[in-house]
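Enquirer: next input, structure requested:
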Amino acid sequence: MSDAVSTSRTSITKVVSASLVGTTIEWYDFFLYGSAAALVFNKLFFPDHDPAVGTMLAFATYALGFVARPIGGIVFGHFGDKVGRKRMLVVSLVLMGVATFAIGLLPTYATIGILAPVLLLLCRLVQGFAVGGEWGGAVLMVAEHGSQERRGFWTSWPQAGVPAGNLLSVLVLFILASTTSDAAFTSWGWRVPFLLSAVLVVIGLWIRLSLTESAVFQEAQAEFERRRIQRRLPAVDVVRKYPREVLSAMGARFVENVCYYIFTAFVLTYVTDTVGLDRQVALNAVLVASAVHFVVIPLYGALSDRVGRRPLYLIGAVGVGLWGFAFFPLIDTKSQALITVAITVGLVLHAAMYGPQAAFFSELFGTSVRYSGASIGYQLASVFAGSLAPIIALALLAEFGSSVPVSVYLLGSAAVTVIALVFTRETRGSGLAHDRVLGEVAGSAPVDHR
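Expert: Below is the predicted model of the structure:
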């Protein structure tokens, strides 16, 4: 198989646009929950507990969405590797939209009691399952359509959908918080952003349905058919043929995921409950930081095409590990400007990892298991990293009454990622038309044209 893909510039632009729009919508839905968990869910769905415990319970349901993500990654990866990336992207978008819209209609604890948090939990699990399948499909569609020389740049755009989704969710909450009273926002205002997701999903579906499968994927499928090979479970093939790559992806993902949720989700609670400022201060800062984050991710992606994925990733990992010790003191100043600087610098350092990440992970795995491998490595790490980050940070803060242990937690997470990167090869310049699974079933040496 050849890695040359006869995709025109117009075509790759279309693929990138579809992936970016769809990813933005999905992450808008996912992050909206995190913001609402920090601001109102503790009062509406867990009112019988003191504020700190209620917030932790709200973040616990937030974390359960992450538990569902690797399951989604495995299921969507299985079908994405067997029947195609496009179909799975459409299904994931629909599932996410339905779950998010349903949250906007949920009755609260005051209306139906304990059933309210149970329904909230179910919706969150569906969200996690859907977003677990989204990332792998979105970045692989771009990676497999784009050129090898600019893969880092092109695949960084679906990554930019994460801050774009966060930016959109915070922006909508910002507008509502600015135009409604606290009572109105708690009563009905928080529901509006969730209900708006229905409109966004329709737009995303219209764009995604126009995509076609990549030549690389179609060639791999044709090779299986030509040899009359019965496909095994892609997830099993990943574990058998790419175990080191899965561990590398998980390790590389660790601090990237931890620091992001410290800098964007936990910070909302820290600013309001610990520092004692209005929630608008935190929302303003995250809004500005997310806009900068959106801009720098593609810049890092393009730079990784020149200097490699690992050097930038190492800079980002070490940077966020150290920045944690400046992050909280800056927020403690209660200065809007310095709080904004703290979050912005944190996300710029995060982008050094997140920009090259999609190309990095895509290049680790063979075509027949790429969706499964990239998704499992990416999503499984999130269970131990991002899902627990706000909870661990809250627990450390409550136990020690200081932000220093949270900074130490960030530093330890960075060490995990640095160690993983030391044992991971550089992938820049690797072709995508390689497959150890095809090589094995053919009874010959693995096909690995790197």
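Enquirer: please make it C-alpha for all contacts and neighbour counts, starting now.
Expert: OK.
Enquirer: quick one: least confident helix or strand in the protein?
Expert: strand 447-448 (a mean of 44; mean pLDDT, DSSP states H and E).
Enquirer: show me what contacts G77?
Expert: Each residue near G77 by CA atoms under 8 Å, 6 or more residues apart in numbering is listed here: G133, G136, G137, P234, A235, V369, Y371, S372, G373, S375.
Enquirer: next one: it relative to S187, how far apart?
Expert: From G77 across to S187, the span is 40 Å (CA to CA, to the nearest Å).
Enquirer: could you do M88 as well?
Expert: From M88 to S187 the distance is 36 Å (CA to CA).
Enquirer: out of those two, which sits in the busier spot?
Expert: M88 (24 against 13; other CA atoms under 10 Å).
Enquirer: secondary structure element for the more buried one?
Expert: Assigned by DSSP states H and E, M88 falls within helix 85-105.
Enquirer: after that helix, next one along is what?
Expert: Next element after helix 85-105 (DSSP H and E): helix 109-112.
Enquirer: what pLDDT, on average, does that next one get?
Expert: Averaging pLDDT along helix 109-112 yields 86.
Enquirer: can you name every helix or strand that that helix contacts?
Expert: helix 115-145 (3 or more CA pairs under 8 Å, 6 or more residues apart in numbering; DSSP states H and E).
Enquirer: buried stuff in the helix it packs on?
Expert: 116-117, 119-145 (16 or more other CA atoms under 10 Å).
Enquirer: now swap in stretch 103-110 and tell me
Expert: For stretch 103-110, by 16+ other CA under 10 Å, it's I103, G104, L106, P107, T108, Y109.
Enquirer: and the residue nearest to the spatial centre of the chain, how far is that from S156?
Expert: The chain has V162 as the residue nearest its centroid, 6.2 Å off, counting by CA atoms, centre = their mean. Distance, V162 to S156, using CA to CA: 10 Å.
Enquirer: one more: T111?
Expert: 44 Å.
Enquirer: quick one: distance of stretch 104-113 to the chain centre.
Expert: 28 Å (CA atoms, centre = their mean, to the nearest Å).
Enquirer: go on, stretch 330-347?
Expert: Distance of stretch 330-347 from its chain centroid, counting by CA atoms, centre = their mean, is 23 Å.
Enquirer: name the element the closest residue to G204 other than its chain neighbours belongs to?
Expert: Counting by CA to CA, 6 or more residues apart in numbering, G204 lies nearest to G22, which is 5.1 Å off, once chain neighbours are set aside. Using DSSP H and E, G22 maps to helix 9-36.
Enquirer: shaky segments in this structure?
Expert: 1-10, 30, 34, 38, 48-63, 224, 228-231, 433-450 (pLDDT under 70).
Enquirer: what do you get if the cut-off is 50, keeping everything else the same?
Expert: 1-10, 441-450 (pLDDT under 50).
Enquirer: where do the strands sit along it?
Expert: 434-435, 447-448 (DSSP state E).
Enquirer: sweet, I'm off.
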